[in-house]
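Enquirer: okay, sequence plus prediction incoming.
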Amino acid sequence: MLNYYQRIVDSKYCGLHLEKSMDSLEGLKTVIAVVETHSFTAASERLGMSKALVSKYVGEVEKQLNIRLFNRTTRQISLTEAGKNYYQHAITLLEQYATMVDSVTGEQSNPRGLLRISAPVTFGEMKLAPLMPKLLQQFPELEIELQLTNSAVDMLEDAIDVRIRIGGVDDSTMIARHLQTIPLVLTASQNYLTVKGRPVTPEQLADHNCIIDSNFRIGKHWPLIAKDNKSHTIAVKSKMAVNSPQAVREMAIAGGGIAMTPKFIVDDAIANGQLQQILPEYTTLEFGLFAIYPHRKYIAKKVRCFIDFLLEEFSQEK
């Protein structure tokens, strides 16, 4: 089977049997999409073709090889052993084909095609979305689909090329490129500080109203570290909690209390005087910003160029 499909990427074979070769490539892509989405319907949506055409391509592959790739019932499909073997070879072959295309075209070709990016909602809205026009100016043959969600993402099933994540990365099947470190800062409005006073030590935070971001596991126990590395964990009081850092920011601007947020959330509010940083001589939590993509030998040119673009953009903010 592997030798048969290796002929697809042979230039002489492609020249003599172009139509059949392209059908074989589509068959490879279609089987991969069905395996990764667990559904003929979802595969058709990913590939932008009808469900009937997906079934046709899968059937043609099975007929050519005289094997069954999937066990089908009215409710679900599952891979056969032959299907599992085919899928692993298909991934390798498509990577080899893409490598060949990149090698032949070299630097003469620009990254092209649809780039699907997943990112957390607030970070995507505030930091990533404004960069997309610049990305397209640099790589005009790209198309971008930005999917913003705070929920878990299955990159293979959702056909995500790059996932932007803040925090830890624990999936060994993925590559994680560190882009930037995002510190948290404490802020409050001048109106709040005029009424309640400005804390000058970590311990004084216990006397203030604090706004909790329920995304953080620390809850009402805020860690702070002095310049001499002495750590403080303060049990703060709070009557407001929300699972959105942008909402925490707006509550703080409205005079609701002291907020702990990622610095990029409040940079503009600090600059225009809506918020003031509290205890700036202390540091607190910080998170890594990562670009995550599948752990494969071949990395698509559009992915490589996008990662390089992000590294360049975020390095300028340091």
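Expert: Great, that's in hand.

Enquirer: any idea how many residues pack against Trp222?
Expert: 23 (other Cβ atoms under 10 Å). Where you see a C-beta, it was placed from the backbone N, CA and C, and this is true even at glycine.

Enquirer: are we agreed that it is in a strand?
Expert: Yes - remark: Trp222 belongs to a strand, assigned using DSSP: H, G, I helix; E, B strand; the rest coil.

Enquirer: okay, it: pLDDT?
Expert: Trp222 is assigned a predicted lDDT (pLDDT) of 96.

Enquirer: name the nearest residue to it, ignoring sequence neighbours.
Expert: Ile234 (5.0 Å; Cβ to Cβ, 6 or more residues apart in numbering).

Enquirer: which residues touch the one you found?
Expert: Pro202, Glu203, Leu205, Ala206, His221, Trp222, Pro223, Leu224 (Cβ atoms under 8 Å, 6 or more residues apart in numbering).

Enquirer: from memory the fourth one sits against Ser238, does it?
Expert: If I follow you right, that is Ala206. No - the criterion here is Cβ atoms under 8 Å, and Ala206 misses it with Ser238 at 11.1 Å.

Enquirer: and the residue nearest to Trp222, that one's in a helix?
Expert: No - Ile234 is assigned strand when assessed by three-state DSSP, not a helix.

Enquirer: ok, it to His221 distance?
Expert: 7 Å (Cβ to Cβ, to the nearest Å).

Enquirer: got it, and Ala241?
Expert: From Ala241 to His221 the distance is 13 Å (Cβ to Cβ).

Enquirer: ditto for Phe290
Expert: 26 Å.

Enquirer: ok, now Asp158?
Expert: Counting by Cβ to Cβ - Asp158 and His221 are separated by 35 Å.

Enquirer: which one's more surrounded, these two?
Expert: Taking neighbours as other Cβ under 10 Å, Asp158 and His221 compare with Asp158 leading, 16 against 11.

Enquirer: the more buried one contacts Ser118, correct?
Expert: Yes - look at Asp158 against Ser118 with Cβ under 8 Å: they come within range, at 7.3 Å.

Enquirer: for the stretch 101-250 of the chain, just list every one of the helices.
Expert: 121-123, 132-138, 190-196, 245-253 (DSSP state H, counting those that start in this stretch).

Enquirer: after the helix or strand bottoming out on mean pLDDT in the chain, which helix or strand is next? Please name it.
Expert: One helix or strand of the chain scores below all others by mean pLDDT, DSSP states H and E: helix 11-16, with a mean of 37. Using DSSP states H and E, the next helix or strand after helix 11-16 towards the C-terminus is helix 18-37.

Enquirer: now what about that next one, what contacts it?
Expert: 5, 7-8, 13-14, 40, 42-43, 46-47, 54, 57-58, 60-61, 64, 69-70, 77, 79, 83, 86-87, 90-91, 93-94, 97, 156-157, 159.

Enquirer: that one: which residues count as buried?
Expert: Neighbour-count burial for helix 18-37 flags 21, 23-37 (criterion: 16 or more other Cβ atoms under 10 Å).

Enquirer: same question for it, mean pLDDT?
Expert: On average, helix 18-37 scores 74.

Enquirer: so for stretch 241-259, what gets flagged as buried?
Expert: For stretch 241-259, by 16+ other Cβ under 10 Å, it's 241, 244-249, 251-253, 255-259.

Enquirer: kindly report the same for stretch 34-50.
Expert: By 16+ other Cβ under 10 Å, the buried positions in stretch 34-50 come out as 34-40, 42-44, 46-47, 49.

Enquirer: and the two most separated of these?
Expert: Spanning the widest gap among these are His38 and Met49, at 17.3 Å by Cβ to Cβ.
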